[in-house]
Each structure stands twice: as structure tokens, then as C-alpha cells.
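[1] I'll drop the sequence and a predicted model, then ask my questions.
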Amino acid sequence: MPEEIQKEKEEFESKLLDLVRISHTRAGGRKIRFRAVVVTGNKQGKVGVGVAKGRDVAQAVEKATRLSKKNLIEIPIIEDTIPHEVTSKVGVAKILLKPQRKGRGLVAGGTVRIICNLAGIKNISSKILGRTGNKLNNARATISALKKLKIPSTKHQIPNKSQ
């Protein structure tokens with residue numbers, strides 16, 4: 001049984017998106033810490049972003065990886081793309097995601113490209129509309145946009161007349 005749990009956790013792939021040195025000035029001098037942003041996904045519709053601070057780089061990355069696995073979201077993927085167009089705004093960061101036909105590929109900028117790749121989306125077109133280059137805010141906006149995706153229901157289709 002423990003071997004099955006290990007295999008399940010190993011299928012997730014993690015990527016370090018951003019690593020920043022943060023310093024606070026206190027009465028005793030500067031206090032330096034590190035902030036890591038990690039994206040984790042299984043390339044089959046699950047992806048998560050984790051943000052953590054630590055005294056050294058290894059500690060920050062480890063904590064962020066753990067948090068990203070904790071905050072996984074499920075994305076509906078239809079024929080290697082998203083079901084419909086979606087936009088999202090978090091802070092100053094604005095993201096536009098559009099579905100694309102098969103064979104078009106991942107047409108996306110840095111942060112969005114990494115998240116879509118780890119989520120398993122193969123054909124998508126995206127644009128970062130916000131004026132910020134902040135990778136953390138862009139990642140949060142992308143995750144927010146992916147959360148808005150809904151699977152189109154078959155309820156509203158025209159019923160067969162033969163019934």
C-alpha cells in the first residue's frame with residue numbers, strides 16, 4: 001500500500017517559477033529571507049501554485065512545493081484544449097486564455113506557458129493583458145482563469161424528434 005502512495009505522488013512534476021530574495025530592516029540589522037513560487041502539475045488536468053518563504057533557498061522551495069501539491073485544481077480539458085475563452089484579473093495582472101484547434105500548439109508567455117504545460121493543455125492561445133511582469137501575480141491570474149472554466153453541458157442541446 002505505501003508503494004502505491006509513493007507512485008501517486010511521483011507522477012506530479014514541479015517547476016520553480018520565481019525565486020526572490022527579501023530583506024527586512026530591523027533594529028538589529030537586515031533580515032534576509034527567500035520567497036519561492038512553485039508550480040506543480042500532472043499533465044492530465046491537475047495543476048497548483050504554491051508560494052512560501054524560508055531562511056534559505058532549499059527551505060523555501062520545499063515549502064512552496066508542498067503547498068502547490070495541497071492547492072491543486074482540476075481543469076476540464078477537451079481535445080487537448082480548454083472548452084471556452086476566459087479572462088481573469090488578479091491585482092494588476094490580467095490574463096486572456098483562448099482555446100485553439102489541434103496542432104496549433106502552446107502560444108503563451110512565460111508564466112502562462114509553464115502552468116498550461118504542467119496542466120496538460122497542448123493547444124491554447126493566451127495573452128498577458130496586464131502591465132505587470134510580476135510572475136506571482138500572473139500565475140495567480142492564470143490559475144484564477146483556469147478555475148472559471150466549465151464543462152459545456154449537454155442539457156441545453158436540441159432533443160431528437162424521433163422520441
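    Received, thanks.
[2] please name the residues that touch Gly29.
    By CB atoms under 8 Å, 6 or more residues apart in numbering, no residues touch Gly29. The C-beta positions use only the backbone N, C-alpha and C, and glycine is treated the same way.
[3] so Ile75 touches Ile121, yeah?
    Yes - shown here, Ile75 and Ile121 form a contact pair, counting by CB atoms under 8 Å, at 7.3 Å.
[4] which one of those two has more residues nearby?
    Counted by other CB atoms under 10 Å, Ile75 and Ile121 do not tie: Ile121 has more neighbours, with 27 against 21.
[5] all helices for this protein, in order.
    In the chain, the helices defined using DSSP state H lie at 2-10, 57-70, 110-119, 135-147.
[6] and Lys15, how many neighbours?
    Lys15 has 15 nearby residues by other CB under 10 Å.
[7] possible to save the helices of the chain as CSV with mean pLDDT, distance to Arg101 and mean neighbour count?
    Below are these laid out as CSV (pLDDT from 0 to 100; distance: least, CB to CB, whole Å; neighbours: other CB atoms under 10 Å):
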stretch, mean pLDDT, distance to Arg101, mean neighbour count
helix 2-10, 53, 33, 8
helix 57-70, 95, 31, 18
helix 110-119, 92, 16, 22
helix 135-147, 93, 20, 22
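[8] need the residues that contact stretch 115-127.
    Residues contacting stretch 115-127 (CB under 8 Å, 6+ apart): 13, 15, 39-47, 49, 75, 77, 79-82, 95-109, 112, 139, 142-143, 146.
[9] alpha carbons of stretch 87-100, as PDB, please.
    Extracted in PDB, the C-alpha atoms of stretch 87-100 (Å, rounded to 0.1, in the frame of the first residue of the first chain):
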ATOM      1  CA  THR A  87     -10.300  36.100 -18.800                       C
ATOM      2  CA  SER A  88      -9.100  36.800 -15.300                       C
ATOM      3  CA  LYS A  89      -7.700  39.800 -13.300                       C
ATOM      4  CA  VAL A  90      -5.700  39.500 -10.000                       C
ATOM      5  CA  GLY A  91      -4.300  42.800  -8.900                       C
ATOM      6  CA  VAL A  92      -2.800  44.500 -11.900                       C
ATOM      7  CA  ALA A  93      -2.300  41.200 -13.800                       C
ATOM      8  CA  LYS A  94      -4.800  40.400 -16.500                       C
ATOM      9  CA  ILE A  95      -4.800  37.100 -18.500                       C
ATOM     10  CA  LEU A  96      -6.800  36.100 -21.600                       C
ATOM     11  CA  LEU A  97      -6.900  32.400 -22.500                       C
ATOM     12  CA  LYS A  98      -8.400  31.200 -25.800                       C
ATOM     13  CA  PRO A  99      -9.000  27.600 -27.000                       C
ATOM     14  CA  GLN A 100      -7.200  26.600 -30.200                       C
END
